[in-house]
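Asker: next comes the sequence, and after it the predicted model I'd like to discuss.
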Amino acid sequence: MSQGNHSTQPTIVFDFGGVLIDWNPENLYRKMFNGDEATMEYFLSVVCPLEWNEQMDAGRPFADAIEERIHLFPEYEPYIRAYYGRWIEMVQGEFSGTVKILSALRSTGYSLFALSNWSIETFPLVKERFDFLNWFEEIILSGEVKLAKPDPAIYELLLQRVNRPAEQCLFIDDNERNIAAAQKLGLQTIHFSTPERLYTELAERKINFDIS
């Protein structure tokens, strides 16, 4: 992309979990429950559900949240403690196909930002593991700013940081709620499913980059 085209090309904003990073509590608890899917499902839907994890994403300290759950479900104490103590085992790795697209966009000169719901306590563990987290002009982390998607306020903060109108930002996320909230504010969006589909959708939007 030539320097003169930057103004007409969108700033591209990536989510992390489910788009660039394969984070899933099942990666840990499948091991801890020895493949007992029913018990794991119960644990992750009732004892430590995603809604609870979202509290830490928004800035609640893990220590406080974990003690609360132990009080409610004392029989699961070792498993609840592992949610933080063995958190890194929830991270399977990176989605290499998406990282390859990110690398190509970076090489072409696109402005890259990140907007992610992530705890400030666990983010350092992935920051040191994945080099591509250093490729963004700025990372807006829910745990740091104490706001989380799909709250419109975090998108408004993103737009302030990017310093461009909403329609000049392209937001990529795997969560439909987050996509819908971004659309309401006028951002361009891609609902992420696979790297292959992302490549196609970027091409359809005339986002030019070379992935070879």
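Answerer: Thanks, I have the structure now.
Asker: any low-confidence regions in the chain?
Answerer: Within the chain, the ranges that satisfy pLDDT under 70 run 1-7.
Asker: going along the chain, name the helices of it.
Answerer: Taking DSSP state H as the test, the helices found in the chain are 26-32, 37-42, 50-57, 62-72, 77-85, 96-108, 123-127, 142-145, 152-162, 176-184, 195-204.
Asker: can you name every helix or strand that the third one contacts?
Answerer: Put plainly, it is helix 50-57. For helix 50-57, the packing partners by 3 or more Cβ pairs under 8 Å, 6 or more residues apart in numbering; DSSP states H and E come out as helix 62-72, helix 142-145. The way it works is simple: take the backbone N, C-alpha and C, and place the C-beta from them, glycine included.
Asker: P10 is nearest to which of those?
Answerer: Among these, the nearest to P10 by Cβ to Cβ is helix 142-145 (22.2 Å).
Asker: so which residues make contact with the closest one?
Answerer: Here helix 142-145 makes contact (Cβ atoms under 8 Å, 6 or more residues apart in numbering) with 56-59, 116-121, 123, 148-149, 154, 157.
Asker: closest one to N134 among the helices of the chain?
Answerer: Nearest of the helices of the chain (Cβ to Cβ): helix 123-127, 8.3 Å.
Asker: the closest one: how far from the chain's middle?
Answerer: Its chain's C-alpha centre and that of helix 123-127 lie 12 Å apart, by Cα atoms, centre = their mean, to the nearest Å.
Asker: repeat that for stretch 108-120.
Answerer: In terms of Cα atoms, centre = their mean, the centre of stretch 108-120 is found 9 Å from the chain centre.
Asker: residues of that stretch that come out buried?
Answerer: Buried residues in stretch 108-120, counted by 16 or more other Cβ atoms under 10 Å: 110-120.
Asker: same question for stretch 78-94.
Answerer: Buried residues in stretch 78-94 (16+ other Cβ under 10 Å): 79-80, 82-84, 87, 90-91, 94.
Asker: which pair in those residues spans the largest distance?
Answerer: For the buried residues of stretch 78-94, with distances taken as Cβ to Cβ, the pair at the greatest spread is I80 and E94 (27.5 Å).
Asker: thinking again about what came up before, format the helices and strands packed on helix 50-57 as a markdown table; extra columns: distance to G18 and mean neighbour count.
Answerer: Converted to a markdown table, the helices and strands packed on helix 50-57 look like this (distance: least, Cβ to Cβ, whole Å; neighbours: other Cβ atoms under 10 Å):
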| stretch | distance to G18 | mean neighbour count |
| --- | --- | --- |
| helix 62-72 | 21 | 15 |
| helix 142-145 | 14 | 18 |
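Asker: now render the ones you listed as JSON lines, adding distance to L170.
Answerer: Output for the helices and strands packed on helix 50-57, formatted as JSON lines (distance: least, Cβ to Cβ, whole Å):
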{"stretch": "helix 62-72", "distance to L170": "33"}
{"stretch": "helix 142-145", "distance to L170": "20"}
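Asker: between these, which one is closest to R161.
Answerer: helix 142-145 (9.8 Å).
Asker: using CSV, write out every CA atom in that closest one.
Answerer: Presented in CSV, the C-alpha positions along helix 142-145 are these (Å, rounded to 0.1, in the frame of the first residue of the first chain):
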residue,chain,number,x,y,z
SER,A,142,-10.7,-4.2,29.2
GLY,A,143,-8.9,-5.1,32.5
GLU,A,144,-6.8,-2.0,32.1
VAL,A,145,-9.5,0.5,31.2
